[in-house]
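1. No letters, just coordinates:
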């Protein structure tokens, strides 16, 4: 297929290529959903975007599982998964940029049609997570999402896809709403939107991506290797380290969201 050919099997995930891939995916899915599924365009666009991403991510994950079997030092572990995380975060930034461009470019009717689900969710959350008392609530909620991501990755293989697509659309909608307040100063609006939502959004999404990556490679290892084989234990060790990193990122993201972002804005 055209979209999955952007990420070739066996390649390391390159930041620029995955950023471009992520940018194109929501725009293509938005146009397709409007043409084919207009009454349900908002929901259909999310599912189509996930469908576009799944083959490329599966190619990356199967390659990483093979590499994980031979990781035996911490330096190799950091180098390998640091590279993967940077690439997947590039995809997330591309997704957010694509959704944001759609949001600010569309007329009111089209914007409402394609982003109604996100707006409803944002209105429900508005004002609920403010102040120091919200820290534990945010951490609890984010760990719940983290657990869902791990379970989906373990049992379905590609657990990070829905989290990346949904959160990129949600952050882009938040940024778009904030951008509207600065219509007379677009450059300032873009800058403030990015700093306000990406400050905690990037480490939070990185946590979900890392957890999804860990669950996915463990899922592939379960299917491929004999239980308690040498390769199996290497994959388990790498997955456990990735789970620990994702938990730390969740806490960092919550600290930024509660104590730093409200102070800046």
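-> Alright, I've got the coordinates. Nothing here was measured: the structure is a model prediction, and the numbers come from that model.
2. Residue 164 - how many residues pack around it?
-> 26 (other C-beta atoms under 10 Å). Using the backbone N, CA and C atoms, a C-beta is placed for each residue, glycine as well.
3. Against residue 122, how distant is it?
-> From residue 164 across to residue 122, the span is 18 Å (C-beta to C-beta, to the nearest Å).
4. again with residue 210
-> 25 Å.
5. before we move on, what about residue 204?
-> Computed as C-beta to C-beta, the residue 204 to residue 122 distance reads 16 Å.
6. neighbour-wise, which of these two wins?
-> Neighbours per residue, other C-beta under 10 Å: of residue 204 and residue 122, the larger number sits with residue 204, 25 against 14.
7. List the residues that contact the residue nearest to the more buried one when sequence neighbours are not counted.
-> Nearest residue to residue 204 in three dimensions, chain neighbours excluded: residue 253, at 3.7 Å (C-beta to C-beta, 6 or more residues apart in numbering). Residues in contact with residue 253, defined by C-beta atoms under 8 Å, 6 or more residues apart in numbering, are 142, 200, 201, 203, 204, 207.
8. Give the buried residues for the longest helix out of those in the chain.
-> Secondary structure of the chain per DSSP state H: the longest helix is helix 186-224. Buried residues in helix 186-224, counting neighbours by 16 or more other C-beta atoms under 10 Å, are found at 189-190, 192-194, 196-221.
9. Identify each buried residue in stretch 242-255, please.
-> Of the residues in stretch 242-255, 242, 243, 245, 246, 247, 249, 250, 251, 253, 254 count as buried by neighbour count, 16+ other C-beta under 10 Å.
10. any idea where the helices of the chain begin and end?
-> 15-36, 41-68, 74-105, 108-125, 134-156, 160-180, 186-224, 230-255, 261-264.
11. Chain neighbours aside, what residue packs nearest to residue 34?
-> residue 41 (4.9 Å).
12. mind showing which ranges of this protein have poor pLDDT?
-> Applying pLDDT under 70 to the chain picks out residues 1-13, 61-81, 123-133, 156-159, 183-184, 220-221, 223-232, 263-265.
13. Point to the residue nearest the middle of it.
-> Centroid check for the chain by C-alpha atoms, centre = their mean gives residue 164 as the closest residue, at 2.4 Å.
14. so what's that one up against?
-> 53, 88, 91, 92, 95, 205, 208, 209.
15. And for the third one, the neighbour number?
-> What that stands for is residue 91. If you count neighbours by other C-beta under 10 Å, residue 91 ends up with 28.
16. Do I have it right that it meets residue 20?
-> No: at 9.3 Å, residue 91 does not count as touching residue 20 under the criterion of C-beta atoms under 8 Å.
17. ok, residue 205 to residue 254 distance?
-> Using C-beta to C-beta, one gets 13 Å for the distance from residue 205 to residue 254.
18. again, but for residue 83
-> Residue 83 is 26 Å from residue 254, where distance means C-beta to C-beta.
19. same deal with residue 35?
-> Distance, residue 35 to residue 254, by C-beta to C-beta: 40 Å.
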